[in-house]
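Undergrad: would you be able to build a 3D model of this:
(one chain, ligands or ions: 1)
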Amino acid sequence: MKRKSSLVSQQMSSQRKNMALLAIISLALGITIVSQAGLLAEAVQRIFVEKASFSSVYLLLGILLAVMAVRTLLSYGNGKVGLHMAATAKTNMRAAVLQKLTHASMPSTLLGQTGGKVSIALDAVDEADSYFSQYMPRMMEAAIIPILILVVTFIQHANTGFILLFTAPFIPLFMILVGMKTKNKSEEKYAQLAEFSGTFLDSLQGLVTLKIFGRAHRQQQKIERSSLSYRDATMGILKIAFTNTFMLESIVMLSIGIVALELAIQLLVFKSMTFHTAFLVLLLVPEFYSLLKNTGTAFHSGRTSMGAVRKVEQMLEETSGESMNANDNEGALTSDGIDVIDNMDRVDRVSKLELTHSGDLSLPPSIVIDHLRFQYAPDSFELKTGRIQLSPGEHIAIVGKSGSGKTTLLHLIAGLLKPASGTVLVNESPLSQYEETAWFEHVSYITQHPYIFAGTFSENIAIGARGSISKAEIERAGEEAGLAALIAQLDHGFDTFVGEGGRGLSGGEKQRLALARAFLKRPAIILFDEPTVGLDLHTERVLQSSIAKLAKTATMITVAHRLYTIQQADKILFMDNGVLVDSGRHDELLERLPQYAEMVDVERKGRVSS
Ligand SMILES: Nc1ncnc2c1ncn2[C@@H]1O[C@H](COP(=O)(O)OP(=O)(O)OP(=O)(O)O)[C@@H](O)[C@H]1O
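TA: Residues are numbered from 1 along each chain as shown. Take a look at the predicted model:
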């Protein structure tokens, strides 16, 4: 293997003990192979050449049987160590993939297809198995045993030793040639599989939309095309594998034939060697080639594994380019730790961590937005702000037209996006100086489409808890969030199962469930994306009063659409085309900002007409 993947190298260095064990077992295996041949040659020599009685070789045959048993046990041991190495490596690699995915920044999670990522995390990591379970043990055997056999052969009969020495390099040479081609093919196969999985999952998720727009058939053809390319890539690899096996077998047969011919000539024509020596050498030679041949097959699967591992590495590299190291002050914060998943399917976890920042995070904190600038991509939408102070416990409303950058500003304040320049100051220190987990421990984000996991109401609410939590506490949080009436109608109450993606819950109900999580957490900072679609009056009131209760002791920043929310806010941030134009109370902005007055007017008319 010319260039070992760094992921594989990492695994190797962490498994040095197992490698040493493999080397010891391989050496012992080599000794049993040579002993076995020696004992067998001796037994045959005594019985057939020296015509000794069968009973005189009982002991010899007994030892031979014991050596064979030991050889079997050692082979089994080698396999076991390989499997153990593979299992450990796969666990580590999968942990690394999961770690990277959960710590990836928000923009990077939006890149690529989910199905493709799943196929890499599951299938590609599985493919790495054969590198450790087959390739490594075989390579170790190939590095030790053939040398041992070669030494014994040279001692016994130098001519055969030279034949082995001359023909053996053809096998690795051939392996390298084929292996190179297989690796490319294998990478191609994984690209095809990832595309196939991605297309398949995307189509499943958007099946209703596809049907409505009459695109189901076209999508079906797309799936068919990608499945055919996957088949072709797999067949390509198999073709190489079969050719590989055929060529290796031919080389081995030819070589053994040459050795046998040479031995026969020496034994019968020149009578320059004993039967014992000839037979011993003839027994050892197939073992020699068989080991090299096995290595060839293992090399093929090792190469296939490397292609798969390369894919895993690429994925890790791609996500790590975007991810934030928790200790990296420059890095973008991620939503890791937020108690409610936003509509981009962010995964949340809450764990207690020390603040890296030396100052105390007094709560609720004061927040200063200080000349932020942000772009998703060059030459696209740009967000700009001046300097604005948000006092502890204030209720802030971000308002503006659709696409003006409200959500982007909210994500920048929350640390979910990293500004290109400027800072968000929390208690007068840059947000980037805080340990992200510690910061998110105090933040709850209630999006318009909170993510509901497959599980019961209780399990979904308990996600908001910092430690272990009692059923009574979960139920109290549910009631405070206004879920009591809904739960009372269900046969299994809080133990009712809500499906993946929160199937069976309305938008308002999902938000109440997200609120229940927040009630368990009691955050100091609440980020709230107010529903744009009209909820019924009752639901809206329940949500409104629950949020108000939760926000009593917190700084709340709302992307606001309701006039009521806007009027009640302590401070309104008015966004226009990415620019934070002005901030102030409702009456102040009405007076000095015509665009704001116009927006309020439109909102009022909308209310009356709807
Ligand atoms: N992930 C993204 N990548 C690239 N551009 C984005 C991304 N998210 C938002 N944008 C763009 O940034 C601009 C501001 O979007 P943003 O969601 O902040 O607006 P908004 O005021 O919250 O809109 P709405 O009220 O409709 O939700 C829009 O032009 C949008 O297309």
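Undergrad: now the residue in the stretch 251-400 of the chain positioned nearest to the ligand, what are its backbone angles?
TA: Here the residue of the stretch 251-400 of the chain nearest the ligand is Tyr376; by CB to the nearest ligand atom that distance is 3.3 Å. For glycine as for every other residue, the C-beta is placed from the backbone atoms N, C-alpha and C. Tyr376 adopts backbone torsions of phi -70, psi -40, taken as degrees, to the nearest 10.
Undergrad: what's around it, how many residues?
TA: By other CB atoms under 10 Å, 12 other residues sit near Tyr376.
Undergrad: for the protein, which residue occupies the most central location?
TA: Val97 (2.7 Å; CA atoms, centre = their mean).
Undergrad: OK, contacts around that residue?
TA: By CB atoms under 8 Å, 6 or more residues apart in numbering, the residues touching Val97 are 120-121, 125, 312, 315-316.
Undergrad: show me where the stretch 501-610 of the chain has its strands.
TA: Taking DSSP state E, counting those that start in this stretch, the strands of the stretch 501-610 of the chain run over residues 525-529, 555-559, 571-576, 579-584.
Undergrad: reformat these as CSV; add mean neighbour count.
TA: Below are the strands of the stretch 501-610 of the chain laid out as CSV (neighbours: other CB atoms under 10 Å):
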stretch, mean neighbour count
strand 525-529, 25
strand 555-559, 25
strand 571-576, 22
strand 579-584, 19
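Undergrad: now distance to the ligand and mean pLDDT too, for those strands, in a markdown table please.
TA: As requested, these are arranged in a markdown table below (distance: least, CB to the nearest ligand atom, whole Å; pLDDT from 0 to 100):
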| stretch | distance to the ligand | mean pLDDT |
| --- | --- | --- |
| strand 525-529 | 8 | 90 |
| strand 555-559 | 6 | 93 |
| strand 571-576 | 6 | 94 |
| strand 579-584 | 12 | 93 |
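Undergrad: before we move on, the earlier item: measure the residue nearest to the centre of the chain to Leu204 for me?
TA: Distance, Val97 to Leu204, by CB to CB, to the nearest Å: 22 Å.
Undergrad: ok, now Ala52?
TA: Ala52 sits 75 Å away from Leu204, going by CB to CB.
Undergrad: and the strands in the stretch 301-450 of the chain?
TA: In the stretch 301-450 of the chain, the strands defined using DSSP E, counting those that start in this stretch lie at 367-375, 382-384, 387-390, 395-400, 421-426, 429-430, 443-446.
Undergrad: which one of these has the lowest average pLDDT?
TA: Across these, strand 443-446 has the smallest mean pLDDT, namely a mean of 87.
Undergrad: now stretch 281-299: mean pLDDT?
TA: 85.
Undergrad: can you give me the offset of that stretch from its chain's centre?
TA: Relative to the mean C-alpha coordinate of its chain, stretch 281-299 is positioned 38 Å out (CA atoms, centre = their mean, to the nearest Å).
Undergrad: number of nearby residues for the nearest residue to Met575 once chain neighbours are set aside?
TA: Of all residues not flanking Met575 in the chain, Gly400 sits nearest, at 3.3 Å (CB to CB, 6 or more residues apart in numbering). When neighbours are defined as other CB under 10 Å, Gly400 has 24 of them.
Undergrad: how close does Gly400 sit to Ala43?
TA: Per CB to CB, Gly400 is found 93 Å from Ala43.
Undergrad: wait, what's in contact with the closest residue to Ser421 other than its chain neighbours?
TA: Leaving aside its chain neighbours, Ser421 sits nearest to Arg373 (4.7 Å; criterion: CB to CB, 6+ apart). By CB under 8 Å, 6+ apart, the contact set of Arg373 is 382-385, 419-422.
Undergrad: and Met180, what helix or strand is that in?
TA: Assessed by DSSP states H and E, Met180 sits inside helix 170-205.
Undergrad: coming back round to it: using a markdown table, lay out the contacts of Val97 together with pLDDT, neighbour count and distance to Ile265.
TA: Shown next, in a markdown table, are the contacts of Val97 (pLDDT from 0 to 100; neighbours: other CB atoms under 10 Å; distance: CB to CB, whole Å):
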| residue | pLDDT | neighbour count | distance to Ile265 |
| --- | --- | --- | --- |
| Ile120 | 75 | 23 | 57 |
| Ala121 | 77 | 18 | 60 |
| Val125 | 84 | 21 | 54 |
| Val312 | 83 | 23 | 54 |
| Met315 | 78 | 21 | 59 |
| Leu316 | 78 | 20 | 59 |
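Undergrad: from those residues, which land in helices?
TA: Of the contacts of Val97, the ones assigned to helices by DSSP state H are 125, 312, 315-316.
Undergrad: list the contacts for the nearest residue to Gly504 once chain neighbours are set aside?
TA: Nearest non-adjacent residue to Gly504, counting by CB to CB, 6+ apart: Val498, 6.0 Å away. If a contact means CB under 8 Å, 6+ apart, then Val498 has 452, 454-457, 460, 504-505 as its contacts.
Undergrad: hmm, try it at 10 Å
TA: 452-457, 459-460, 504-505, 509-510, 513 (CB atoms under 10 Å, 6 or more residues apart in numbering).
Undergrad: where do the helices sit along the stretch 401-550 of the chain?
TA: With DSSP state H, counting those that start in this stretch, the ranges of helices along the stretch 401-550 of the chain come out as 406-414, 436-440, 457-462, 471-480, 484-488, 507-521, 537-550.
Undergrad: tabulate those helices (CSV), appending mean pLDDT.
TA: Formatted as CSV, the helices of the stretch 401-550 of the chain follow (pLDDT from 0 to 100):
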stretch, mean pLDDT
helix 406-414, 92
helix 436-440, 81
helix 457-462, 87
helix 471-480, 89
helix 484-488, 86
helix 507-521, 86
helix 537-550, 80
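Undergrad: which one, of the ones you listed, ends up nearest to the ligand?
TA: helix 406-414 (3.3 Å).
Undergrad: check whether that closest one contacts the ligand.
TA: Yes. Helix 406-414 reaches the ligand (CB under 6 Å from any ligand atom) through 406-408.
Undergrad: for Asp379, grab phi and psi.
TA: When read as degrees, to the nearest 10, the backbone of Asp379 gives phi 60, psi 30.
Undergrad: so what's it scoring on pLDDT?
TA: 85.
Undergrad: tell me who's in contact with it.
TA: By CB under 10 Å, 6+ apart, the contact list for Asp379 is empty.
Undergrad: can you tell me which residues in the stretch 351-500 of the chain are near the ligand?
TA: 376, 381, 400, 402-408.
Undergrad: buried subset of these?
TA: The neighbour-count test (16 or more other CB atoms under 10 Å) marks 400, 404-408 as buried among these.
Undergrad: I'd like the distance between Asn244 and Ile487.
TA: Counting by CB to CB, the gap from Asn244 to Ile487 is 63 Å.
Undergrad: quick one: contacts of stretch 227-237?
TA: Contacts of stretch 227-237 (CB under 10 Å, 6+ apart): 181-182, 184-197, 199-200, 300, 303-304, 307.
Undergrad: buried subset of the residues you listed?
TA: Among the contacts of stretch 227-237, those classed as buried by 16+ other CB under 10 Å are 182, 185-197, 199-200, 300, 303-304, 307.
Undergrad: endpoints of stretch 415-422, how far apart?
TA: Stretch 415-422 has an end-to-end distance of 13 Å (CA to CA, to the nearest Å).
Undergrad: need the mean per-residue confidence for the host helix or strand of Met139.
TA: In this assignment (DSSP H and E), Met139 forms part of helix 136-156. Here helix 136-156 scores 91 as its mean pLDDT.
Undergrad: angle of it against helix 170-205?
TA: Angle between the axes of helix 136-156 and helix 170-205 is 170 degrees (criterion: axes from the mean of the first three to the mean of the last three CA atoms, to 10 degrees).
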